[in-house]
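Engineer: what follows is a protein structure lacking sequence information:
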């Protein structure tokens, strides 16, 4: 009988260099009423662009946090956008009914926006400065990430610049790097795939993530099938 070896990977968070010089990609987006929407129309405002999915457990925490963020800073020039790449209308509507928000919800069922922004985890949040440039990128959810998003927003609203420690990235082992994109991973995701929580919980959940990823094929942690990051 062959012996099975188990590799446990720990979720890590590290800084993303500031990217204030990079303009946000020009992408085709639609609102829930099917009206077209352009990010360029929001130049002059600080923008929080939150990529989410109906099956994403951390997104249920992120939505109320993002909604509170817009209410708190809207008069100072903040706009929050929630962008889903999911094509399942029923799932999207059910999520929005369960977690209602006041900020603008956008759609791109083609997934081109995810490709253009190189989204590899759900949720992923971008903060754009008043010139429409990517100032910071935040992967994953949870209170610590939300606090960093708010700190970045406050700095940009005040006319400041973000430093290299502004962003948050999840561990490479839980990023989608194969043929199955981050926004397509819902068919194997379940509540256990939330990678938030204390260190021991993160270790357990990441091991489950890696096991499911490998079982789904396409190289395991190097790029596989499931996971709600």
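Structural biologist: Perfect, thanks for sending it. Small disclaimer: the values here were computed from a predicted structure and weren't measured.

Engineer: point out where the protein drops to low pLDDT.
Structural biologist: 1-21, 164-165, 169-229 (pLDDT under 70).

Engineer: apply 90 and report the result again.
Structural biologist: 1-23, 28, 55-58, 61, 118, 120-122, 140-142, 161-229 (pLDDT under 90).

Engineer: all strands of it, in order?
Structural biologist: 22-23, 29-31, 36-37, 46-52, 78-84, 104-107, 124-128, 133-139 (DSSP state E).

Engineer: want to throw those into CSV with distance to residue 94 and mean neighbour count?
Structural biologist: C-betas here are computed from N, CA, C, even on glycine. Shown next, in CSV, are the strands of the chain (distance: least, Cβ to Cβ, whole Å; neighbours: other Cβ atoms under 10 Å):
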stretch, distance to residue 94, mean neighbour count
strand 22-23, 35, 12
strand 29-31, 18, 15
strand 36-37, 22, 14
strand 46-52, 13, 25
strand 78-84, 12, 24
strand 104-107, 13, 19
strand 124-128, 22, 26
strand 133-139, 25, 24
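
Engineer: nearest to residue 156, out of the ones you listed?
Structural biologist: Nearest to residue 156 among the strands of the chain is strand 46-52 (4.6 Å), distances taken as Cβ to Cβ.

Engineer: export the strands of the chain to TSV and tack on distance to residue 148?
Structural biologist: As requested, these are exported to TSV (distance: least, Cβ to Cβ, whole Å):
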stretch	distance to residue 148
strand 22-23	19
strand 29-31	25
strand 36-37	26
strand 46-52	12
strand 78-84	15
strand 104-107	22
strand 124-128	10
strand 133-139	6
